[in-house]
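Q: the following comprises the amino acid sequence and a computationally predicted model.
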Amino acid sequence: MARLSYTAICSLDGYIEDAAGSFDWAEPDEEVHRFANDLERSVGLCLYGRRLYETMVFWEDPDNVAGGPDFVLEFGRIWRATDKVVFSRSLEAVSSERTRLERDFDPELVRRWKDEADADLSIGGAELAGLALRAGLVDDVHLLIAPILVGGGKPALPEGITQRLELVDEQRFASGFVHLGYRVSADLV
């Protein structure tokens, strides 16, 4: 069975966006970007909520990063080579290759994808990841913590869920970012 990972870049106080909806403070430097590329390289299917998909579809057009550094170009290649599913009731159509649209999040469908997959899956978007965590689908959580406090905004992790996690990886970056990698325990608290 494939693993489902949730990866988020967040502030030290746990937000993926600040109160104004901005996340420009979370832009990774080369070292962090290469690390994120490594996390995504083994993924065969990405699950997105609408808002994150609309942000990530930037990577569909290689011209958007033409002339950029090799680690940025590499992420674009990884993103374009990965199959994607967007969960949205409001999005009319997807605008990227290798992408399909699902109207509702169905935990049993995601469980089936995990069972049938030859490569791991990732899930992006805090709200969608919260649904998957509540359904017991997420196997790994990767937080790339930016060295900033933003004081409020959209939390990286859902409220109202209690779950044991096992720290399996940690890495400190020269920029002050920190990666914390957790395996989700089957034991609820």
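A: Yep, it's here.

Q: flag the shaky bits of this protein, pLDDT-wise.
A: For the chain, residues meeting the criterion pLDDT under 70 lie at 187-189.

Q: in it, which spans are strands?
A: 4-11, 15-18, 43-49, 83-87, 99-102, 120-124, 140-146, 153-155, 165-172, 178-184 (DSSP state E).

Q: possible to save these as JSON lines with mean neighbour count and distance to A66?
A: For every residue, glycine as well, the C-beta is placed using N, CA and C. Formatted as JSON lines, these follow (neighbours: other Cβ atoms under 10 Å; distance: least, Cβ to Cβ, whole Å):
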{"stretch": "strand 4-11", "mean neighbour count": "23", "distance to A66": "24"}
{"stretch": "strand 15-18", "mean neighbour count": "22", "distance to A66": "28"}
{"stretch": "strand 43-49", "mean neighbour count": "22", "distance to A66": "23"}
{"stretch": "strand 83-87", "mean neighbour count": "22", "distance to A66": "22"}
{"stretch": "strand 99-102", "mean neighbour count": "14", "distance to A66": "22"}
{"stretch": "strand 120-124", "mean neighbour count": "24", "distance to A66": "24"}
{"stretch": "strand 140-146", "mean neighbour count": "21", "distance to A66": "26"}
{"stretch": "strand 153-155", "mean neighbour count": "18", "distance to A66": "31"}
{"stretch": "strand 165-172", "mean neighbour count": "11", "distance to A66": "30"}
{"stretch": "strand 178-184", "mean neighbour count": "18", "distance to A66": "29"}
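
Q: got a markdown table for these, with distance to P69 too?
A: Output for the strands of the chain, formatted as a markdown table (distance: least, Cβ to Cβ, whole Å):
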| stretch | distance to P69 |
| --- | --- |
| strand 4-11 | 18 |
| strand 15-18 | 24 |
| strand 43-49 | 22 |
| strand 83-87 | 24 |
| strand 99-102 | 26 |
| strand 120-124 | 23 |
| strand 140-146 | 18 |
| strand 153-155 | 28 |
| strand 165-172 | 20 |
| strand 178-184 | 20 |
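
Q: so for E74, which of those strands sits nearest?
A: Among these, the nearest to E74 by Cβ to Cβ is strand 43-49 (13.9 Å).

Q: no further queries at this time; thank you.
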